[in-house]
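Enquirer: Okay, predicted coordinates and the sequence, questions at the end:
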Amino acid sequence: MAETVEVFCPHCLANYFISPERIPEAGVTTACKKCSKSFTMIRASGDPVKDRANRQQGFVVVQEKKRRSPGQDTNGYSTRETSQKQSALSGLFKKKIFRLGLCASAAVLVVAVGIFILWKSSVHGRFEADLRNALAQASNSRFEFKLAEIKFSAFGGLTREKGCLYGLALSDRQTREILYYADKVHFQIEPSKKQFVTEPFTLRVNASNSKILLNGCILEAEGTDGWNAVLKAKEATAELEGMEVLTGQGLEFKLGFHGADWSADPRFVLGDAQLSLKVKLVESLSGNVTNDVDILFTLKNALFPKQGDGAQAGAVNSRETLNSKWAQSKAIASIDRCSFKILGSAVKLSGKLEFRNPSDESEMVLSFNAKDFSRIMKFIHRMNKDTFDRIVATLVDLDEQSVSLYAQDTDSLDLNLSYKTSRITVNEKELKPIT
């Protein structure tokens with residue numbers, strides 16, 4: 001019986017089974033029983049170019065099935081070769097040494113997988129314990145960090161671990177409000193390099209009657225030399241007191257610390273800290289508010305209380321730290337750079353504060369410059385009238401003491417303030433305490 005092949009009507013795709021041997025050399029035209037349209041079938045010539053040309057003309061090219069020669073299997077091997085391979089393979093499985101080797105390999109694989117799983121579990125457990133301990137240390141009597149759950153991926157790799165933080169929040173113990181909240185934070189850690197990187201996530205902020213939504217947040221942290229953290233947000237939306245809506249782009253917040261235990265008091269860590277903020281653009285519904293924000297704040301020889309259990313840690317009062325401990329360590333707080341444009345007006349700020357004991361001996365210098373100051377005041381008046389009133393009252397009080405900060409002809413404000421040995425000097429003029 002001749003072998004048949006399946007062909008399809010080119011008009012309705014109805015299928016038919018036909019023997020290629022029954023098709024004459026010149027082809028045959030037939031009508032489809034389903035759609036009643038005619039089509040022509042041509043036997044394949046074996047020439048790919050000619051067959052392609054016939055298909056382009058609308059002909060149905062019927063290809064004969066390839067026939068196996070007697071003694072060949074479906075893969076083209078002779079039945080003798082196939083039989084020899086099967087016999088050799090069967091003999092291999094019957095050998096005792098092969099079976100013992102196979103069992104030993106399986107046992108080694110099971111042990112290796114078990115060790116790998118235990119190692120993974122220990123890494124995961126240490127990371128979760130360290131993270132929860134860090135959150136507990138960052139919490140205090142007023143604010144509390146919370147983490148609902150942490151899960152790890154089973155296939156993180158040998159050098160990298162992947163997981164997800166669920167329900168990461170900062171809450172106010174007194175008001176019982178959640179100030180910061182992230183629902184899901186997918187992350188990746190490299191224990192050997194002490195690096196932590198997240199995938200983009202959303203952070204919600206609820207503080208001072210304002211709601212802020214940070215989208216596209218990425219947190220990068222590393223702890224090889226002290227610790228450093230960078231939080232980047234692609235965009236932010238803020239609703240201030242249910243009225244003004246602000247949008248921001250290109251936010252970057254950096255925080256770093258390098259230090260060691262303070263030999264004079266084991267309750268403290270002595271070191272240097274850096275905090276920087278960059279914002280590309282902030283806009284309101286009425287137009288541009290500020291752009292090109294670049295701020296760097298540093299602390300040198302600063303003391304930070306340890307948070308731990310036991311009598312060694314003890315209770316540390318924050319006021320005591322500022323008033324006496326920072327003076328002992330000769331801490332210096334500096335605004336290394338602060339520049340931005342608000343409503344098109346350029347603002348620059350710099351300063352330094354050196355802590356001394358007693359606190360009256362501390363020294364401070366501050367420099368502030370703002371162009372087109374009237375624009376800034378109009379914006380402040382629209383945002384917060386109380387702040388506007390305090391600024392006006394201060395300018396009037398200074399003017400009454402013959403200290404002029406604002407130049408109407410240039411619409412600019414220049415302030416150079418210094419505090420030394422309880423004496424306040426503004427623009428090189430000594431002042432009485434401002435009430």
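Expert: Happy to help now that I have it.

Enquirer: Look up which residues are beta-bridged to residue 164.
Expert: On the basis of DSSP bridges, residue 164 is bridged to residue 151, residue 186.

Enquirer: And residue 39, by the same measure?
Expert: With DSSP bridges as the criterion, residue 39 is bridged to residue 30.

Enquirer: Need the per-residue pLDDT for it.
Expert: On pLDDT, residue 39 comes in at 88.

Enquirer: so it makes contact with residue 12?
Expert: No: counting by Cβ atoms under 8 Å, residue 39 stays clear of residue 12, with 10.1 Å between them. All C-beta atoms are positioned from the backbone trio N, CA, C, and that covers glycine.

Enquirer: So the two - more neighbours on which side?
Expert: A direct count of neighbours by other Cβ atoms under 10 Å for residue 39 and residue 12 places residue 39 higher, at 18 against 12.

Enquirer: what secondary structure does residue 137 sit in?
Expert: Classification of residue 137 using DSSP: H, G, I helix; E, B strand; the rest coil returns helix.

Enquirer: Count the neighbours of it for me.
Expert: Neighbours of residue 137 (other Cβ under 10 Å): 13.

Enquirer: now the stretch 101-250 of the chain, which segments are flagged as low pLDDT?
Expert: Scanning the stretch 101-250 of the chain with the threshold set as pLDDT under 70 gives 101-123, 154-160, 191, 224-225, 240-244.

Enquirer: would you list every one of the strands in it?
Expert: 143-152, 161-172, 177-190, 195-198, 201-207, 210-222, 227-240, 244-261 (DSSP state E, counting those that start in this stretch).

Enquirer: Now do the shared contacts for residue 39 and residue 12.
Expert: Counting by Cβ atoms under 8 Å, 6 or more residues apart in numbering, the common neighbours of residue 39 and residue 12 are residue 32.

Enquirer: still on that earlier bit, Throw the strands of the stretch 101-250 of the chain into a markdown table and include mean neighbour count, thanks.
Expert: Below are the strands of the stretch 101-250 of the chain laid out as a markdown table (neighbours: other Cβ atoms under 10 Å):
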| stretch | mean neighbour count |
| --- | --- |
| strand 143-152 | 15 |
| strand 161-172 | 17 |
| strand 177-190 | 16 |
| strand 195-198 | 18 |
| strand 201-207 | 16 |
| strand 210-222 | 17 |
| strand 227-240 | 17 |
| strand 244-261 | 16 |
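
Enquirer: which residues touch residue 275?
Expert: 254-255, 296-298.

Enquirer: Now for the nearest residue to residue 406 once chain neighbours are set aside: which residues touch it?
Expert: In space, and not counting its chain neighbours, residue 406 is closest to residue 413: 5.0 Å by Cβ to Cβ, 6 or more residues apart in numbering. Residue 413 makes contacts with 368-370, 373, 405-407, as judged by Cβ under 8 Å, 6+ apart.

Enquirer: Give the bridge partners for residue 413, please.
Expert: residue 370, residue 406.

Enquirer: so what's it scoring on pLDDT?
Expert: At residue 413, the pLDDT recorded in the model is 86.

Enquirer: residues in contact with residue 346?
Expert: Contacts of residue 346 by Cβ under 8 Å, 6+ apart are 339, 369-372.

Enquirer: In terms of helices and strands, where is it?
Expert: Secondary structure assigned from DSSP states H and E places residue 346 in strand 345-354.

Enquirer: before we move on, the earlier item: ok, so of the contacts of residue 275, who is nearest residue 152?
Expert: Among these, residue 255 lies closest to residue 152 (Cβ to Cβ), at 25.8 Å.

Enquirer: Distance of residue 299 relative to residue 366?
Expert: Distance, residue 299 to residue 366, by Cβ to Cβ, to the nearest Å: 16 Å.

Enquirer: do the same with residue 125
Expert: Separation of residue 125 from residue 366 (Cβ to Cβ): 49 Å.

Enquirer: so what's residue 366 closest to, chain neighbours aside?
Expert: Nearest residue to residue 366 in three dimensions, chain neighbours excluded: residue 351, at 3.9 Å (Cβ to Cβ, 6+ apart).

Enquirer: That'll do, ta.
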